[in-house]
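> sequence unknown, structure follows:
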């Protein structure tokens, strides 16, 4: 079975939060697409070319459909997410992906996208510490653990927990798709 994932991000993404999931999914034999808000290669907040794989095709939001993927990754980077969350097509994609009960892995300030997509209410959600009040005000039950799993959403607050978070994301994918 072909495993298909998409990472949605934008300029000034937190480099670690894009690079680690990207290569971890490739290691797990996923076909990984990258959808960048700007529709072209961007820079991470630390200066890394995103995507770092020079052969990676970059897709725009109007070039992807939820039916094409089984897994969605939302990396953080507060400056990136402030702009990405303004793209209503991306927010609609996340909302639809969630309604189809497919796995969403979200880290750090990527939680802003979950709030905008209105998928956090009554769910246990982690996100960057400064977003705790925003998540609670949006109806989430805030938790600060290396990996917070609630239905199809797997979150963490910080890139210090990339390993346990991605282990949980991939584990939840296999629970649903085996």
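Looks like it came in fine. Note that this is a predicted model, so its numbers are computed, not measured.
> who's in contact with residue 26?
Residue 26 sits next to residue 32 when contact means C-beta atoms under 8 Å, 6 or more residues apart in numbering. Any C-beta I mention is one placed from the backbone N, CA and C, and that applies to glycine too.
> For it, report the pLDDT, please.
Note on residue 26: pLDDT of 96.
> again with the one 5 residues further on
Taken from the predicted model, the pLDDT recorded for residue 31 is 97.
> my guess is it meets residue 2, correct?
Yes. When contacts are counted by C-beta atoms under 8 Å, residue 31 is listed as touching residue 2 (6.2 Å).
> higher neighbour count, those two?
residue 31 (14 against 7; other C-beta atoms under 10 Å).
> And for that one, nearest residue in space, chain neighbours not counted?
In space, and not counting its chain neighbours, residue 31 is closest to residue 4: 5.1 Å by C-beta to C-beta, 6 or more residues apart in numbering.
> show me the contacts for the one you found.
30-31, 33, 68-71.
> Now it: which helix or strand?
strand 3-9 (DSSP states H and E).
> Indicate each strand paired with that strand and its parallel or antiparallel sense.
strand 30-36 (parallel), strand 71-74 (parallel) (DSSP bridges).
> right, and the helix or strand after that strand?
Defined by DSSP H and E, the subsequent element after strand 3-9 is helix 15-27.
> Give me the angle between that next one and strand 30-36.
For helix 15-27 against strand 30-36, the angle between stretch directions is 150 degrees (axes from the mean of the first three to the mean of the last three C-alpha atoms, to 10 degrees).
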